[in-house]
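A.B. asks: below is the sequence, then the predicted model.
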Amino acid sequence: MKIVVIGGTGLIGSKLVARLGEHGHEAVAASPNTGVDTLTGKGLAEALAGASVVIDVSNSPSFEDAAVLDFFETSTRNLLAAEAAAGVRHHVALSVVGTDRRPDIGYFRAKIAQERLIKESPIPFSVVHATQFFEFARRIADGAADGDTVRMPSVAFQPIAGDEVAKAVGRVAVGSPLNGSIEIAGPERTQMDDFFRNALETWGDPRKVVTDPHAHYFGAELNEPDLVPVGDATLGEVKYADWLKDNPPT
């Protein structure tokens, strides 16, 4: 089966392409690096020819509110139109846990717009909502740094390994369309400040984590359940401490 992975050269996309290929599928990595641009439509028709499934794990190059909204609306419209022309039978998108609960957050609002376009399209679909990835923990800590301190709220946090995200998305992609969504998360739920306090210690990072209820995440203050599943969810098996053994901080 031909499966086109939009954003196929990125963190999750590259893992998906490799995993799907190992299972005998014709997995095509589609991204600006391979000549496919969903914002302009360049290369889409050629990439999607003969495809049964399209998986969209692409991301906006800018997280500024207007830019990220424009990216997801424009790229999703172009992608869905190209899929309809190519006869694609299943559209799969990777989204974020909690988008529906915090439409005031610009990035989440953009993902809501993306999902709305997908649901309004006649193409059968599946949406996978994932919690934050282990791979971005260092970037999040650096973004919250204030001199020698890292300011974090004490809200529920349940990150997941990128490999397990790719595994879950790949499993959905080769199955029947859900015409709905599922949530995936890591196996351990903790408080965000505690997670980063332990993480910095494990990394050998001398900065101190300070609990700050007003600390921002994607430009907004968080409430307790914003970043974790509130109902049934598929949980990964890899704990952060075990993941670090194969992915030591650099």
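C.D. replies: Happy to help now that I have it.
A.B. asks: which ones are touching Ala241?
C.D. replies: Going by C-beta atoms under 8 Å, 6 or more residues apart in numbering, Ala241 touches Thr202. No exception for glycine: its C-beta is placed from N, CA and C like everyone else's.
A.B. asks: how close does it sit to Arg189?
C.D. replies: Distance, Ala241 to Arg189, by C-beta to C-beta, to the nearest Å: 15 Å.
A.B. asks: repeat that for Leu44.
C.D. replies: With C-beta to C-beta as the criterion, Leu44 and Arg189 are 39 Å apart.
A.B. asks: of the two, who's got more company?
C.D. replies: More crowded of Leu44 and Arg189, by other C-beta atoms under 10 Å: Leu44, with 24 against 15.
A.B. asks: now name the helix or strand holding the residue nearest to Asp100 when sequence neighbours are not counted.
C.D. replies: For Asp100, ignoring the flanking residues on the chain, the nearest one in space by C-beta to C-beta, 6 or more residues apart in numbering is Ile112 at 6.9 Å. Ile112 belongs to helix 106-120 when elements are defined using DSSP states H and E.
A.B. asks: I'd like to know which elements that helix is packed against.
C.D. replies: Judged by 3 or more C-beta pairs under 8 Å, 6 or more residues apart in numbering; DSSP states H and E, the packing partners of helix 106-120 are helix 65-86, strand 90-96, strand 125-130.
A.B. asks: output the below-cut-off pLDDT ranges for the protein.
C.D. replies: For the chain, the stretches flagged by pLDDT under 70 are 250.
A.B. asks: rerun that using 90 as the cut-off
C.D. replies: 63, 100, 218-219, 231, 245-250 (pLDDT under 90).
A.B. asks: and the helices in it?
C.D. replies: 11-22, 44-48, 65-86, 106-120, 137-143, 162-173, 192-203, 240-246 (DSSP state H).
A.B. asks: just the buried positions in the second one, please.
C.D. replies: In this case it means helix 44-48. Using 16 or more other C-beta atoms under 10 Å as the burial criterion, the residues of helix 44-48 that qualify are 44, 47-48.
A.B. asks: can you count the residues close to Val238?
C.D. replies: Using other C-beta under 10 Å, Val238 is surrounded by 17 other residues.
A.B. asks: ok, back up a step: can you state the direction angle for the helix holding Ile112 and helix 65-86?
C.D. replies: 20 degrees (axes from the mean of the first three to the mean of the last three C-alpha atoms, to 10 degrees).
A.B. asks: now the angle from helix 106-120 to strand 90-96?
C.D. replies: Going by the same axes, to 10 degrees, helix 106-120 makes 160 degrees with strand 90-96.
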